[in-house]
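> pasting the structure only:
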């Protein structure tokens with residue numbers, strides 16, 4: 001065990017001396033010319049707020065966020081707006097009246113648009129009026 005440790009220390013000392021000699025002579029281990037490339041810049045584009053409608057059987061219009069010229073889509077998302085205001089009778093029947101915090105809509109689209117290139121689409125389906133959705137596109141400058 002002591003012999004292995006001594007050999008390892010000797011190799012380490014030789015490697016260190018070699019590196020110091022190369023540095024003194026101005027030699028590098030691997031020299032390459034480096035060119036700093038401009039880092040891609042990202043920006044977020046917001047689409048319009050659109051209504052999800054008020055028919056639970058029909059999806060509302062999609063909100064579309066399109067990346068500007070000179071950029072490309074790298075991701076996206078959405079923000080959903082729901083109205084939680086609900087009229088509750090003074091003496092509600094718990095079997096028939098929904099509580100005021102019930103979900104009034106659902107996100108059904110949150111992906112790159114299949115109809116429009118370089119665009120993020122977000123869509124919702126409403127169970128009641130007052131549901132809107134807004135798409136956001138994450139865009140990066142072309143290199």
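Received the coordinates, thanks. Keep in mind the model is a prediction, meaning the values are calculated, not measured.
> Where does pLDDT dip in this protein?
1-38, 54-57, 83-103 (pLDDT under 70).
> Strands of that one, residue ranges please.
Assigned strands in the chain, in chain order: 42-51, 63-66, 71-82, 105-112, 119-126, 131-141 (criterion: DSSP state E).
> now the ones you listed in JSON lines, with mean neighbour count?
Heads up, the C-betas are built off the backbone N, CA and C, glycines and all. Listed next are the strands of the chain as JSON lines, based on neighbours: other CB atoms under 10 Å:
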{"stretch": "strand 42-51", "mean neighbour count": "15"}
{"stretch": "strand 63-66", "mean neighbour count": "22"}
{"stretch": "strand 71-82", "mean neighbour count": "17"}
{"stretch": "strand 105-112", "mean neighbour count": "16"}
{"stretch": "strand 119-126", "mean neighbour count": "24"}
{"stretch": "strand 131-141", "mean neighbour count": "21"}
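> Distance-wise, check the nearest residue to residue 132 once chain neighbours are set aside relative to residue 75.
Spatial nearest neighbour of residue 132, excluding adjacent residues (CB to CB, 6 or more residues apart in numbering): residue 81 at 4.3 Å. Distance of residue 81 to residue 75, given as CB to CB, to the nearest Å: 21 Å.
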